[in-house]
Structure formats: structure tokens, C-alpha cells
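Peer 1: Quick one, fold the following:
(chains A and B)
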Amino acid sequence: MHDILPKDEKYWKPMYKTISDLAEHFQFSRIETPILEEVGVFVRGIGKGTDVVDKEMYVFEDKDTTKVAMRPEMTAAVVRAYIMHGFWNMPQPTKLWYWGPMFRHDRPQAGRYRQFHQIGFENFGSNDPSVDAELILVAFDFFKDLGLPVEIKINSIGTLAERANYKNELVNYYRSKRSYLCEECRQRITKNPMRLLDCKETGCQTVKEEAPQIINWLGAESKNHFMKVLEYLDVLEIPYQLDHTLVRGLNYYTNTVFEIYTTDEQEGSQSALGGGGRYDLLVEEMGGRPTPAAGLAIGLERVVLALKQYNEKNNREMPKVPTDAYVAQLGEEARRVTMKIINQLRGVGIKIAFNFFKTSLKNQMELADGLKAPFTVIIGQKEVQDSTAIIRDMESGIQEIVDQKKLVTVLKRKLGRFDDKR
RNA sequence: GUGGCUAUAGUUUAGUGGUAAAACUGCGGUUUGUGGUACCGCUAUCGAGAGUUCGAUUCUCUCUAGCCACCCCA
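Peer 2: Below is the predicted model of the structure:
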């Protein structure tokens, strides 16, 4: 049970702002799909044999006995929407982005929740390497704007045929080393050979070192594509590490795959912030026209976690929502006047805090202090009579009496905000 | 999905087979128009359920949740 609390709003809000700005700059359009989809969308999209589909999906029957799943990720759903709405009739490439909750019935841990949020970008209709590079750039810029240093791990897993050949070779190789392997890996040989490369058992590590590398099994075209992606990353000065063991847990990927990590040392093992890659066959597999595509997703809870750790180490803080002024009142009549004044101040964008159920000035000053409001406006019986208000500078304690009509202008000036027109 | 650890006020932690202590925070107050200090007061069916026992928060079991490792990924 992971609640996103008000105290973390200072993380969530900048993330939303950053991502929606980036989407605009890179010309991605927002898409939203339902949380519930017919289960086949994900089974076909993500693939049987993946942990996500086999073990982690929330699946149940609705009243029509239709089997529905709570989405464990968005790409399959976006592809479904792309096909359903005939997006290939729009100018290509079609660039889409999303933000929303995902659901996986995993064993919870820090940075790993059963409901979590992802943002993601999908680009349909082009197999150009620049598309892959642009997606990585978007991710990289996202973290740059938030001030979190990251690096990219990248690999190419080739086309289906290339991977099949490679898999054969890999399986042959691992069969010959069978006696050295852990139980899990022996099963992987038949169940999901690509994951063999992920194993962290020491025995398997040594076997892995000698294992055939996929890069040597790529055809000229795939190799060329991968090289071009890397060239673009060089041009964009995005730091990356080649990782020939990177395979990803979703079946739909072809050619480029990548994951994003903080360069900051993180506690706990949930350090992958995001990942993605190219999925040139998925649209066709799900019943659409052959359409090359690539995408990327970032897990926001993990970004928050990484930012918190990073900020703590570097003595950095996310800016909080500030209070510009506290408005204190004394007496029934003053409250009426205050209500009006608060509304005027808000109207010009001054962020006001107040509390009508606090009646003593002392209490209200305390609150103003707690909120770190730079100014307190005080309106009591006397001020109501004179049509004035007191502005107290909380830092210096200096008070100034101003006419209520001038309050807005004076306070704006004190806050360093000026009218454009004058 | 596997193995392990933990579970006492909002938070961080004491503690005991006879129903619980402190710090910080919060709220209220220290004579009702002025904050940041000080002092006082308030706030816990001791995660849930069952069992052992004269009696359990303290022992046992089950469940739930959190965390750690694995797994996997975000």
C-alpha cells in the first residue's frame, strides 16, 4: 500500500511539468487508455513466458465473463489504440506520450509497488535510428531537467531471425555447460534462454563470460542501425554503456534496447529508472499493418526515490510551494473584509494562507511563521474602521499601515512582482 | 513466486508475563490586537485474529503490512 503523500508533491509536480513541457517540445501528443483491457491485449503484446504476463498480472472476469487485466504496462495498450483508430492514416511518424498508473502483482519492496506510475513515449511509423536516439534524448533531458544524473545502458538484440540463430547458439553453449549452472538457469535454457544472460549466480557468471555475444550474430542491417543510434548518442553527448547482457523482460523488442540508471550510488536494488527499445513487429503481431515503432517508459516512484537519495547526499532540496502572505483577522466584521481582500490578492496571483477559525492574533502569527510566509497582513476592528491594513514583514518585524485600496499594489511590490503594463 | 527480518502515539525509539516510557511533531493553554524562545496539559483498544496462562503488548500459531535478498523490472 503505497500512498503518494502531500509532502512528496514537490517531486511529483515538477515531474509532471517537465514531462509535459518536453512532450510539447518534442511534439508528442498525449494518449490515455483504460486501466482495464481485455487480457489478450497484454498476453499477445507482452508475450507468454514473461514474468509480467505469467506471474504479475491482475486478471479477473467481469460480468460478461470477459477476462480483463489491469494494465501492467502501456505499450501493448497504446499499440491496440493505434490499430483501433487507424493511426497510420495520420502523418507518420505518430508520436504519443502517456502518464498513468500500472499494476503488477509483485512482491513489494522499496521502489517496487503493485500500483506504480509510468510515463512513456511511443513513436510509430519509422525505423530510422534517429527515432531510437530521440527517445533516449527525451529520457535523458527529463532527468537533466530534474537534476538527476543518469546513464544509459544499451544493446541490440537484432531481428527475430538473428535472435533465433543467436538463441540456438546460446542454448547449445549453455547445454554444454549444463553441469555448472544453477537450477534456475537450467530451466531457462528451455523456457527463456535470453534471460540466461541476466543470472547473477557466481557459477553462471563464469559461464556467461565465455558465452556468445549477440552483437556478433547481427546482420549488416541491424549492425548498421545500432551503430547509427550510437553515433547519434555521441553527437548528443549522451553518456551510454554497451551492455551485451541487456535483454529486457518483455518479448516484443527488436534491435535497440536500453535501460536508464542513476549514476548515483543507490541503496536497494531497484535502480532501473526506465527502459525501452524498438518493437518493429508488435503492431503487425497485434493485427495492424506492418509498422516499425519504438518506445520508452520511466517509473516515477523510482525517480522520486532516486531524487530523494540524491538530494539528501548533495544537500539539495526540491522547491516547495511557497506562501506569499498570511492574512490574519480579528473580529466578525474584519473577517468579512478579509474574505474580500484575500480574493483580491489571489486574483493577482499572490498565494495566500488564512484561518478563520483561529481568533487570536498570536495563533495566527504562529501559523504564518510555520508557513514561512514572508509577510502577514493584519486586519482588525481598527483597520476596518479606517479602511486600512497592516503589512508586517516577518523577517524584520517592521509594520506598515496601508490603505486597503493600495494593499494589492504595495504587497506586489514588496514581493518583487510588478505589473507589465504601467 | 522463493527465503529472511520487522510490526509499541503522526514520526523516531524505550520497556515489561500483571494493560506502557521518552523525544520530536500536532492540538490546547500560560488573562483575550502580534510569531520564531520557555513552561504546562492533551494524544496508543502496544498491526489483526486465535491459542497458552489466573492474567499477554510481552510466549506460540495464522493472517496482514512494511522492509531486505532472490526473482523480475519501473
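Peer 1: drop to CA atoms for contacts and neighbour counts, all remaining ones
Peer 2: Fine.
Peer 1: Close to RNA strand B: what parts of the stretch 301-422 of chain A are there?
Peer 2: Listed as neighbours of RNA strand B in the stretch 301-422 of chain A under the rule CA under 7 Å from any atom of the strand: A:301-302, A:330, A:358, A:360-363, A:365-366, A:369-370, A:372, A:378-383, A:390, A:392-397.
Peer 1: Would you mind writing the CA trace of the helix or strand where A:Gly40 lies as PDB?
Peer 2: Secondary structure assigned from DSSP states H and E places A:Gly40 in helix A:39-46. What follows is helix A:39-46, C-alpha atoms only, in PDB (Å, rounded to 0.1, in the frame of the first residue of the first chain):
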ATOM      1  CA  VAL A  39      -6.400  -9.700 -21.200                       C
ATOM      2  CA  GLY A  40      -5.400 -10.800 -24.700                       C
ATOM      3  CA  VAL A  41      -4.100  -7.300 -25.400                       C
ATOM      4  CA  PHE A  42      -1.300  -7.900 -22.900                       C
ATOM      5  CA  VAL A  43      -0.800 -11.600 -23.500                       C
ATOM      6  CA  ARG A  44      -0.300 -11.000 -27.200                       C
ATOM      7  CA  GLY A  45       1.500  -7.800 -26.700                       C
ATOM      8  CA  ILE A  46       4.000  -8.600 -24.000                       C
END
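Peer 1: Which parts of it count as buried, going by neighbours?
Peer 2: Going by neighbour count (16 or more other CA atoms under 10 Å), the buried part of helix A:39-46 is A:Val39, A:Val41, A:Phe42, A:Val43, A:Arg44, A:Gly45, A:Ile46.
Peer 1: Give me the neighbour count for the nearest residue to A:Ile379 once chain neighbours are set aside.
Peer 2: Setting aside the residues directly before and after it, A:Ile379 is nearest to A:Gln329 in space (CA to CA, 6 or more residues apart in numbering), at 4.9 Å. Neighbouring residues of A:Gln329 were enumerated by other CA atoms under 10 Å; the total is 27.
Peer 1: just the buried residues of helix A:39-46 now: which is nearest RNA strand B?
Peer 2: Comparing the buried residues of helix A:39-46 against RNA strand B with CA to the nearest atom of the strand places A:Ile46 closest, at 9.8 Å.
Peer 1: how about stretch A:309-329: buried residues?
Peer 2: In stretch A:309-329, residues buried by neighbour count (16+ other CA under 10 Å) are A:Gln309, A:Tyr310, A:Thr323, A:Asp324, A:Ala325, A:Tyr326, A:Val327, A:Ala328, A:Gln329.
Peer 1: centre of the chain versus it, how much separation?
Peer 2: How far stretch A:309-329 lies from its chain's middle: 22 Å, per CA atoms, centre = their mean, to the nearest Å.
Peer 1: From RNA strand B, how far out is the nearest residue to A:Tyr240 once chain neighbours are set aside?
Peer 2: Nearest residue to A:Tyr240 in three dimensions, chain neighbours excluded: A:Ile152, at 4.5 Å (CA to CA, 6+ apart). Distance of A:Ile152 to RNA strand B, given as CA to the nearest atom of the strand, to the nearest Å: 12 Å.
Peer 1: Enumerate every residue touching A:Ile152.
Peer 2: Contacts here follow CA atoms under 8 Å, 6 or more residues apart in numbering; on that basis A:Ile152 touches A:Ile238, A:Pro239, A:Tyr240, A:Gln241, A:Phe258, A:Glu259, A:Ile260, A:Tyr261.
Peer 1: Parallel or antiparallel, which strands does the helix or strand hosting it pair with?
Peer 2: A:Ile152 is part of strand A:150-156, with elements assigned from DSSP H and E. Each strand paired with strand A:150-156, and its direction, by DSSP bridges: strand A:240-242 (parallel), strand A:254-262 (antiparallel).
Peer 1: so which of the ones you listed is the most packed in?
Peer 2: Relative to the other members of the strands paired with strand A:150-156, strand A:254-262 carries the highest mean neighbour count by mean count of other CA atoms under 10 Å, namely a mean of 23.
Peer 1: could you give the mean pLDDT of the following helix or strand past it?
Peer 2: Under the assignment DSSP H and E, the closest C-terminal helix or strand after strand A:254-262 is strand A:272-278. Throughout strand A:272-278, pLDDT has a mean value of 92.
Peer 1: Could you look up the SS state of A:Leu296?
Peer 2: On the three-state scheme (DSSP: H, G, I helix; E, B strand; the rest coil), A:Leu296 is labelled strand.
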